[in-house]
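**Student:** predicted coordinates and the sequence they were generated for:
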Amino acid sequence: MLEITGTKFQHSLDASPFGIRALDVPDSVKLFSYEVETMFLELARPVALLSCLLALCALFHTAFLVPSTDMHQRIYDSLDLLALAAITSLAAGLIFRDLGREPNVRHARLTATLPIQVFCWSSSTMLLLFVLAWYLETHCVFYRDIRF
């Protein structure tokens with residue numbers, strides 16, 4: 001016990017990874033802090049998932065709906081948005097993985113989170129559709145035979 005100006009403080013040895021000893025906090029403050037942390041985490045999850053979905057929608061729009069004559073420019077723009085969607089999904093996956101303070105949850109796989117699964121499925125589907133559209137555009141001619 002350490003006594004400073006008439007008030008007793010206890011030092012906690014495992015409070016900081018840097019070896020700095022912190023003062024013990026009452027249980028009521030710890031409980032309030034935990035509740036606030038979980039509240040912000042619950043609010044961050046829908047925002048993170050929505051930003052992930054918006055990035056994937058922007059990728060779909062650029063890859064398929066933007067009229068472009070240059071296929072290489074479309075590929076470069078799509079790759080830029082694919083990287084943005086991957087970073088957004090990774091951040092959202094880290095938020096979704098942080099479920100609480102249970103010891104087994106911390107070691108959960110990142111690929112098991114919803115944003116990462118949505119990113120993997122949607123990007124692989126868009127890649128397949130993009131290659132199929134590129135093949136059909138190059139090797140097949142779709143036009144109506146109009147005879148006058």
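**Tutor:** Now that the structure is in, tell me what you want to look at.
**Student:** what's the neighbour count on A133?
**Tutor:** 12 (other C-beta atoms under 10 Å). Where you see a C-beta, it was placed from the backbone N, CA and C, and this is true even at glycine.
**Student:** and if you look at M126?
**Tutor:** When neighbours are counted by other C-beta under 10 Å, M126 registers 18.
**Student:** let's verify it: helix, strand, or coil?
**Tutor:** Assigned with DSSP: H, G, I helix; E, B strand; the rest coil, M126 falls in the helix class.
**Student:** could you pull up the residues touching it?
**Tutor:** Contact analysis of M126 by C-beta atoms under 8 Å, 6 or more residues apart in numbering lists L59, F60, A63, F64.
**Student:** rerun at 7 Å
**Tutor:** L59, F60, A63 (C-beta atoms under 7 Å, 6 or more residues apart in numbering).
**Student:** ranges for the helices of the protein?
**Tutor:** Counting by DSSP state H, the chain has helices at residues 27-60, 71-97, 114-139.
**Student:** for those, which one sits closest to A108?
**Tutor:** When these are compared by C-beta to C-beta, helix 71-97 sits nearest A108, at 5.5 Å.
**Student:** what is the closest one packed up against?
**Tutor:** Packed against helix 71-97 by the contact rule (3 or more C-beta pairs under 7 Å, 6 or more residues apart in numbering; DSSP states H and E) you find helix 27-60, helix 114-139.
**Student:** quick one: it to helix 27-60, angle?
**Tutor:** 160 degrees (axes from the mean of the first three to the mean of the last three C-alpha atoms, to 10 degrees).
**Student:** grab the nearest non-local neighbour of I116.
**Tutor:** Sequence neighbours aside, G93 is the residue nearest to I116 in space, at 4.2 Å (criterion: C-beta to C-beta, 6 or more residues apart in numbering).
**Student:** tell me how far the one you found lies from C140.
**Tutor:** Distance, G93 to C140, using C-beta to C-beta, to the nearest Å: 38 Å.
**Student:** pLDDT wise, what is the residue lying closest to M71 once chain neighbours are set aside at?
**Tutor:** Leaving aside its sequence neighbours, M71 sits nearest to W134 (C-beta to C-beta, 6+ apart; 7.0 Å). W134 is assigned 85 on the pLDDT scale.
**Student:** and stretch 87-101, what's buried?
**Tutor:** Going by neighbour count (16 or more other C-beta atoms under 10 Å), the buried part of stretch 87-101 is T88, S89, L90, A92, G93, I95, F96, R97, D98.
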